[in-house]
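S.K.: generate a structure from the sequence data that follows.
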Amino acid sequence: MSSEKSEFIELARLCASGDRKAQERLYRLFYGRMLPVCLRYAKDSELAKDLLQDAFIKVFSKIKSYDGVGSLEGWIRRIVVNNAIDEFRKKKNDFFLMESIENFSETEEEEDDDKEVKLKASQVIEALQELTPAYRAVFNMFVFEEMTHAEIAEKVGISVGTSKSNLSKAKRNLKNILLRDQRF
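M.R.: Down below sits the predicted model:
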């Protein structure tokens, strides 16, 4: 077992025992690593910070269940992602109604550009935040969480066809946002 892994296991044990300094250390250690995850799901940085705060509350309430199998970072990340998805699921009916109030034309034909594009992560995150919540959630779960459409459909409570449609529209709209703002 690596020294870092054993250090994380000890840190988790201390957090589980209620050690506030250990909890602060864990929070500071993983806050910067988890905020970008929340930014992918949230419409803005304030909501992302709120999602992350809620996720850390869950982390500390569930830390006793961390058994040291797998990485602590992966365990925390799963809680952060599930928290963001849960928040989306709570409000999904509003989000799916909002799809019709799309800022981008649904009938535009995609252009095939073979030119190489280099983007900064912050540019992509800003563009992701402009997607409707439904498109953003499905895109994140498919692309970043590597979930299948069947898994997304079950997790969010939509059909597989809706998941596929939302992913397609999310990709098209993301491209349009980046082209519109000439971010590259």
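S.K.: what's the domain layout of the chain?
M.R.: 3-90, 92-180 (automatic domain parsing).
S.K.: any idea how far Gly32 is from Thr132?
M.R.: 28 Å (Cβ to Cβ, to the nearest Å). Placement of C-beta: from N, CA and C, glycine included.
S.K.: my error: substitute Met147 in the last question.
M.R.: Met147 is 25 Å from Gly32, by Cβ to Cβ.
S.K.: equivalent analysis for Ala150, please.
M.R.: 33 Å.
S.K.: over to Ala22?
M.R.: 18 Å.
S.K.: those two: who's more crowded?
M.R.: Ala22 (18 against 8; other Cβ atoms under 10 Å).
S.K.: now the more buried one, nearest residue through space, not along the chain?
M.R.: Spatial nearest neighbour of Ala22, chain neighbours left out: Leu14 (3.5 Å); criterion: Cβ to Cβ, 6 or more residues apart in numbering.
S.K.: repeat that for Glu87.
M.R.: Leu51 (6.1 Å).
S.K.: hang on, that neighbour packs against Tyr41?
M.R.: Yes - applying Cβ atoms under 8 Å, one finds Leu51 in contact with Tyr41, separated by 6.7 Å.
S.K.: shared neighbours, those two?
M.R.: Shared contacts of Leu51 and Tyr41, defined by Cβ atoms under 8 Å, 6 or more residues apart in numbering, are found at 84, 87.
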